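**Q** predicted model follows, preceded by the sequence.
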Amino acid sequence: MKKSDVIQLIFHNKLPVEPAREKGLAFAPTNIALCKYWGKRDSELNLPMTGSLSIALPDKGALTSLMLHDNGCDVITLNGKELPGDSAFVLRTTQFLDLFRPERKWFLKIDINMNIPVAAGLASSAAGFASLVSALNDLFGWKLSRRELSILARLGSGSASRSLWTGFVEWHAGVQADGMDCYAEQLKDEWPGLMIGIVSVAEGEKPVSSREAMQRSVDTSTLYTAWPRKVARDLVILRQALHVKNFSLLGGTAESNALNMHATMISSWPPVCYFLPETIAMMHKVWDLRRSGLEIYFTQDAGPNLKLLFLENDKDKIFEHFPQVEMIQLFE
Ligand code: DP6
């Protein structure tokens, strides 16, 4: 099954390419997984081995605006700067757009504004692809449901399937080969008072992309066989924890899930280790603080930075211990 087959399924072989309005515009928030997506059952369609569950950062994300233009190529501006046509970002975006224009008959002027601290290891591709499909939907008047947009965003990047909503979002792994049962959904629960803190311990390019690292875990880590069981259990606990607002359960499960994901990477060959000395030092600081009675947990994605989880009531104490933290309120 190819990505283009999924497009046919979604549009029933009739892909509208006449713009419905002059400009397409959409914002999508980035998301942080509390139960991670790690490993694919189909790498062409980005179908995951397991489900996952995330929380959106409501004001951090990508605002994408699109207009047709007839220069014979797409022009992409990111935060006000035009990107070179041969940059990895442009190539990845153009390839994705080609799915919707098999004959390359139209081109776009694309303006993307991201307020995501990319250097701090927040996924920009999730918000990027989610806002791009939503802006295409707006420009061409496709009138697709969020579920369909989630499926399309997934074809760009797996975690983008969760970036169509704010709040808690669960992405279902599905079992079908065409991935039509593999989409995300918003969970009803809200949690005012839940906060995330972003602390940047190191900047710079990742040595290995998450795409490559997860494939290596699947292919070579003997610990990977335990991962689907761990996720199945964590998903049940997380759903319950956010429903009854048990913060220790939520934080502990998210932290343990992230550490298990990293364990599959470290046990891969060649090993993938995103931990830097600063990462480990910060983990110990979190564990020490927790031992002293402060309810603080962390999660970590495919990079050296930690994202702290805590409650609004503890905000001042968290500031004292991490003066450089950027605090994000997850619910109004
Ligand atoms: C560690 O969604 O970037 O952030 O589907 O290959 O584009 P591709 O991978 P991507 O992987 C995200 C991995 C993660 C965990 C998560 O967000 O669930």
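**A** Yep, it's here. All values reported here derive from a predicted model rather than from experimental measurement.
**Q** got the contact list for residue 153?
**A** Counting by Cβ atoms under 8 Å, 6 or more residues apart in numbering, residue 153 touches 129, 130, 132, 133, 160, 161, 163, 164. Using the backbone N, CA and C atoms, a C-beta is placed for each residue, glycine as well.
**Q** in what helix or strand does residue 299 lie?
**A** Assigned by DSSP states H and E, residue 299 belongs to strand 297-300.
**Q** same question but for residue 41, I mixed them up
**A** Here residue 41 is assigned to strand 40-42, by DSSP H and E.
**Q** rounded mean pLDDT for the following helix or strand past that strand, please.
**A** Following strand 40-42 in sequence order, the next helix or strand is strand 47-48 (DSSP H and E). Strand 47-48 shows an average pLDDT of 98 in the prediction.
**Q** okay, now the residue nearest to residue 269 when sequence neighbours are not counted: neighbour count?
**A** Of all residues not flanking residue 269 in the chain, residue 220 sits nearest, at 4.7 Å (Cβ to Cβ, 6 or more residues apart in numbering). Neighbours of residue 220 under the rule other Cβ atoms under 10 Å: 15.
**Q** report pLDDT for residue 220.
**A** At residue 220, pLDDT is 98.
**Q** before we move on, what about residue 119?
**A** 56.
**Q** partners of the strand holding residue 41 in the sheet?
**A** strand 47-48 (antiparallel) (DSSP bridges).
**Q** so which other helices or strands are in contact with whichever helix or strand comes after the strand it pairs with?
**A** Counting by DSSP H and E, the next helix or strand C-terminal to strand 47-48 is strand 52-69. On a contact count with 3 or more Cβ pairs under 8 Å, 6 or more residues apart in numbering; DSSP states H and E, strand 52-69 meets strand 24-35, strand 107-114, helix 124-140, strand 168-171, strand 194-199, helix 227-244, strand 326-329.
**Q** related to what we said a few turns ago, for the contacts of residue 153, pick the one with the most neighbours.
**A** residue 130 (36 neighbours).
**Q** what is the burial count for residue 87?
**A** 12.
**Q** no no, residue 218
**A** 18.
**Q** longest single helix anywhere in this structure?
**A** helix 247-266 (DSSP state H).
**Q** then it to PDB, C-alphas only?
**A** Extracted in PDB, the C-alpha atoms of helix 247-266 (Å, rounded to 0.1, in the frame of the first residue of the first chain):
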ATOM      1  CA  PHE A 247      -0.900  13.400  39.200                       C
ATOM      2  CA  SER A 248       1.600  11.000  40.700                       C
ATOM      3  CA  LEU A 249       0.200   8.200  38.600                       C
ATOM      4  CA  LEU A 250       0.200  10.300  35.400                       C
ATOM      5  CA  GLY A 251       3.700  11.700  36.000                       C
ATOM      6  CA  GLY A 252       5.200   8.400  37.100                       C
ATOM      7  CA  THR A 253       3.700   6.500  34.100                       C
ATOM      8  CA  ALA A 254       4.900   9.100  31.600                       C
ATOM      9  CA  GLU A 255       8.400   9.200  33.100                       C
ATOM     10  CA  SER A 256       8.700   5.400  33.100                       C
ATOM     11  CA  ASN A 257       7.300   5.100  29.600                       C
ATOM     12  CA  ALA A 258      10.000   7.500  28.300                       C
ATOM     13  CA  LEU A 259      12.700   5.700  30.100                       C
ATOM     14  CA  ASN A 260      11.600   2.400  28.700                       C
ATOM     15  CA  MET A 261      11.600   3.900  25.200                       C
ATOM     16  CA  HIS A 262      15.200   5.100  25.700                       C
ATOM     17  CA  ALA A 263      16.100   1.600  27.100                       C
ATOM     18  CA  THR A 264      15.100   0.100  23.700                       C
ATOM     19  CA  MET A 265      17.400   2.700  22.000                       C
ATOM     20  CA  ILE A 266      20.400   2.200  24.200                       C
END
